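In: Kindly generate the corresponding structure for this input.
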Amino acid sequence: MKKYGFYSVMVAIFALSAISHYGGWNVMWQFALSALAILFVAGFLGKATESVAHYAGQRLGGFLNATFGNAAELIIAIFLVKEGLFDMVKASLTGAIIGNLLLVLGLSVLLGGLKYKQQHFNIQIAGYNATLMIMAVIGLFVPAVFVKAEHFSVEKDHLLSLSIAAILIVSYLLWLIFSMITHRSLLSDGEAAADHGETPPWSRGVSVLFLVLATIMVALVSEWLVGTLHTFTSRFGLSELFVGAFVIAIIGNAAEHSAAVMMAMKNKIGAAVEIAIGSSLQIALFVAPVLILVSTLFGQTMDILFTPIELTAIAVAVFIAKSISKDGTTNWYEGVLLLMVYIILGIAFYLV
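Out: As a prediction, the model looks like this:
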C-alpha cells in the first residue's frame, strides 16, 4: 500500500508541476513544484534501475543506474546549453562530480558501514576507477592551463575543447568495452546476475518500460525547472556557481542518492561504488564532452575551460575518493570524512 501511496503522490506532484508551468503560475511556485517533482521522479527512476539491476548483476546494474541517473543531469544541462548558460552548465557538472564522489559515496559508505562493520568491493575495479578519475582531472585541467597561459584565440580554444571532448568520449567508450566485454570476468563482482536473495518489484520487461517512462518524466520536469532558475538565483542573491554546483546537482542526482544508499545498506557496496564513482566518471568523460559537441550543434560552442574554483573542487573530491576507495574496503568513518569535505566545499561555494 505504501508503494502505491508514493506513486500517487509522484503523479500528483508531477501534474501540479505541469499545471504550474503551462498555467503561468508564480515562478517561485514553479521552481518549488518542479524541484519536488524531480525528486519524486528520480526516486521512481532509482527504483526502476534497482529492479533492472536485480536481473543484470551489481556491476551492470550499477552502470545502468549511473547512466539513467545521469539522464536528469544531462537533460537539464542540454536545456541550459540551449539557453547559453554555459557557466551554470559547468558548475552543475562540477557539482555532479563532487556530489557523487563525496555526498552519494559518503552517505552510502556511512549508512552501509553503520549496519556492517566493514564492506568489501573488487579492488581491481577500485584501481581502474582511480586511474580514470585522474585522467578525468587531466582532461579538464590541461585546457584551462594552456588556454590561459598561452592566451589562445577563440578558434584555438574551441578546437582544443572539441578535440579533448572527442578523446574523452573515445576513452570512456573503450573503458566500457574493456570492463563490460573483454575483461568482464576479471572485474566481476563475484555474484550471479540475479542471485540477490530478493524478489524484484517488477518483471524484466516492466522494469525496462518504467526506466524509459521515468527518464521521459525527468526530461519534462528538467525543462520546467531550468525555465525558473534565473528568477530563483536573482530572488535569493545566489551565484550561478552555487546554484549549479549544489542546488541543480543535488536535485539532478537524486536517483543516485537513493539507489546507492539502498544498495550499500543491503551490503551491496560494490553496486553503490559503481553508481557513485561510475557516475562521476561518466559525467567527466562522457556527459561533459557530449555537451561540448551539443553546444556546437546549437551554433555556439561551449569551451571545456573550468574555473580554478571548479577544478580545485573536482581535484579535492577525486583525491579523497581515490584515497578511501583504493583498498577495496569501506567503513562508516570513511563516509564521514567524505561528507565533511563536501560540507567544506559547500560553504566555500556559498560564499563565492
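
In: Flag every buried residue along the helix or strand where Thr312 lies.
Out: Using DSSP states H and E, Thr312 maps to helix 308-325. Using 16 or more other C-beta atoms under 10 Å as the test for burial, helix 308-325 gives 309-311, 313-318, 320-322, 324-325. Bear in mind the C-beta positions are built from the backbone N, C-alpha and C, glycine included.

In: Looking at those, which is nearest Met262?
Out: Proximity of the buried residues of helix 308-325 to Met262 (C-beta to C-beta) peaks at Ser325, which lies at 19.3 Å.

In: Excluding chain neighbours, what is closest to the closest one?
Out: Leaving aside its sequence neighbours, Ser325 sits nearest to Ala126 (C-beta to C-beta, 6 or more residues apart in numbering; 4.9 Å).

In: ok but the one you found is inside a helix, no?
Out: Yes - per DSSP: H, G, I helix; E, B strand; the rest coil, Ala126 lies within a helix segment.

In: list the contacts for it?
Out: Ala126 is in contact with 273, 325-328, counting by C-beta atoms under 8 Å, 6 or more residues apart in numbering.

In: Pick out whichever of the buried residues of helix 308-325 sits closest to Ser163.
Out: Among the buried residues of helix 308-325, and counting by C-beta to C-beta, the member closest to Ser163 is Leu311, at 18.8 Å.

In: Double-check the closest one against Gly139; I have them as touching.
Out: No - using C-beta atoms under 8 Å, Leu311 makes no contact with Gly139, being 11.1 Å away.

In: for the stretch 101-250 of the chain, what are the low-confidence residue spans?
Out: 188-198 (pLDDT under 70).

In: can you pull out the helices in it?
Out: Along the stretch 101-250 of the chain, counting by DSSP state H, counting those that start in this stretch, helices occupy 105-115, 123-150, 154-177, 204-226, 229-236, 240-242, 249-252.

In: Pretty sure Thr329 sits against Asn122.
Out: No - assessed by C-beta under 8 Å, Thr329 is found out of contact with Asn122, at 11.0 Å.

In: for the chain, which helix is longest?
Out: helix 27-56 (DSSP state H).

In: now the angle from the helix or strand following that one to helix 204-226?
Out: Once the chain leaves helix 27-56, the next helix or strand it forms, by DSSP H and E, is helix 58-82. Orientation check (axes from the mean of the first three to the mean of the last three C-alpha atoms, to 10 degrees): helix 58-82 against helix 204-226 gives 30 degrees.

In: want to throw the helices of the stretch 101-250 of the chain into a markdown table with distance to Val9?
Out: Output for the helices of the stretch 101-250 of the chain, formatted as a markdown table (distance: least, C-beta to C-beta, whole Å):
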| stretch | distance to Val9 |
| --- | --- |
| helix 105-115 | 23 |
| helix 123-150 | 36 |
| helix 154-177 | 36 |
| helix 204-226 | 14 |
| helix 229-236 | 23 |
| helix 240-242 | 29 |
| helix 249-252 | 17 |
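
In: and of those helices, who's closest to Ser8?
Out: Of all those, helix 204-226 comes closest under C-beta to C-beta, at 14.7 Å.

In: Just the C-alpha atoms of the closest one, please, in PDB.
Out: Extracted as PDB, the C-alpha positions of helix 204-226 are listed here (Å, rounded to 0.1, in the frame of the first residue of the first chain):
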ATOM      1  CA  ARG A 204      12.300  -7.600 -16.500                       C
ATOM      2  CA  GLY A 205      10.100  -6.100 -19.300                       C
ATOM      3  CA  VAL A 206       8.100  -3.800 -16.900                       C
ATOM      4  CA  SER A 207      11.300  -2.700 -15.200                       C
ATOM      5  CA  VAL A 208      12.800  -1.600 -18.600                       C
ATOM      6  CA  LEU A 209       9.500   0.100 -19.500                       C
ATOM      7  CA  PHE A 210       9.400   2.000 -16.200                       C
ATOM      8  CA  LEU A 211      13.000   3.000 -16.700                       C
ATOM      9  CA  VAL A 212      12.200   4.600 -20.100                       C
ATOM     10  CA  LEU A 213       9.000   6.200 -18.700                       C
ATOM     11  CA  ALA A 214      10.900   7.700 -15.700                       C
ATOM     12  CA  THR A 215      13.600   9.100 -18.000                       C
ATOM     13  CA  ILE A 216      10.900  10.900 -20.100                       C
ATOM     14  CA  MET A 217       9.300  12.300 -17.000                       C
ATOM     15  CA  VAL A 218      12.700  13.600 -15.800                       C
ATOM     16  CA  ALA A 219      13.200  15.300 -19.200                       C
ATOM     17  CA  LEU A 220       9.900  17.100 -18.900                       C
ATOM     18  CA  VAL A 221      10.400  18.300 -15.300                       C
ATOM     19  CA  SER A 222      14.000  19.300 -16.100                       C
ATOM     20  CA  GLU A 223      12.800  21.600 -18.800                       C
ATOM     21  CA  TRP A 224      10.300  23.200 -16.500                       C
ATOM     22  CA  LEU A 225      12.900  23.600 -13.700                       C
ATOM     23  CA  VAL A 226      15.500  25.300 -16.000                       C
END
